[in-house]
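Undergrad: Fold the following for me, if possible:
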Amino acid sequence: MNKITFDGDGVILVGNLFLPEGVDRAPGVVVAGTWTSVKELMADNAAHDPRVKSLALVAPWLHDATICEQAYGGAEAVAERIKIGREARSRYDETDEVDYVPVVSATDESAAMPYDIDFYLNPARGGIPAWPNRFAVMAWPDWLTYDSIALAPQVTQPTLLVHSEDAAIPDGAHRFHAGLSGPKDIYWLQGTQFDFYDTEPQVTVAVDTVAAHFGRTLR
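TA: Numbering: from 1, shown residues only. Model prediction:
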């Protein structure tokens, strides 16, 4: 493993590069974690780029405006988050100071996810020192107005979804899968959203299913 840094649209990103031994050239797999995560979390266990030859999504959160309203307490609640996000962006443009709230909190209603979520708050799971548990308030507008489901028809690469009806936003997964224009498959397991992050058998089954998908499509 080699730690690498690269420029992502003006933001310095850090990743872990794993290279196979004794192989000069091989397909690459880019592994990205969930919203607000860092590479040391579940990742250690894409539509306009022609270099992407295959796509696999494990328990993805896929939303549009309707799903956002359902998830965040209605249209007024979404509009309020967008408003405070734009205000935070204005303060950042003026002062270079970023307004943060917790990602997860059982007591702070301003948190991005104001719930008692064991995965993020338990040091034995995702509550690790490398994860700062902070969310930039100015990120709300881009997050809440992003329509991933509308992008599905633009995805022509072979695509696999691994999900559960008890995980986050299964309706989004159904609709995204239905809209894909290329070869596609969807594999349904049992389990909650956070089971896919660090719990067996969900992790191993998901990894094996994704590996088989890439084995078929990255030749």
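
Undergrad: Which residue ranges of the protein form strands?
TA: 2-8, 11-17, 55-58, 100-101, 135-136, 159-164, 184-189 (DSSP state E).

Undergrad: Just give me the neighbour total for residue 156.
TA: By other Cβ atoms under 10 Å, the residues close to residue 156 number 12. Backbone N, C-alpha and C define where each C-beta goes, glycine included.

Undergrad: Just list whatever residues bridge to the residue lying closest to residue 134 once chain neighbours are set aside.
TA: Leaving aside its sequence neighbours, residue 134 sits nearest to residue 100 (Cβ to Cβ, 6 or more residues apart in numbering; 4.2 Å). Applying DSSP bridges to residue 100 gives these bridge partners: residue 136.

Undergrad: what sits against residue 100?
TA: Each residue near residue 100 by Cβ atoms under 8 Å, 6 or more residues apart in numbering is listed here: 134, 135, 136, 137.

Undergrad: phi, psi of residue 20?
TA: phi -70, psi 150 (degrees, to the nearest 10).

Undergrad: got a pLDDT number for the residue nearest to residue 134?
TA: Per-residue pLDDT puts residue 100 at 97.

Undergrad: Relative to residue 104, how far out is the most centrally placed residue in the chain?
TA: Residue closest to the average C-alpha location in the chain (Cα atoms, centre = their mean): residue 34, at 2.9 Å. Residue 34 is 12 Å from residue 104, where distance means Cβ to Cβ, to the nearest Å.

Undergrad: which one's the longest helix in this structure?
TA: Taking DSSP state H as the criterion, the chain has its longest helix at helix 75-95.

Undergrad: buried residues in that one?
TA: By 16 or more other Cβ atoms under 10 Å, the buried positions in helix 75-95 come out as 78, 81, 82, 84, 85, 88, 89.

Undergrad: Show the low-confidence segments of this protein, by residue range.
TA: Scanning the chain for pLDDT under 70 picks out the ranges 36-45, 47.
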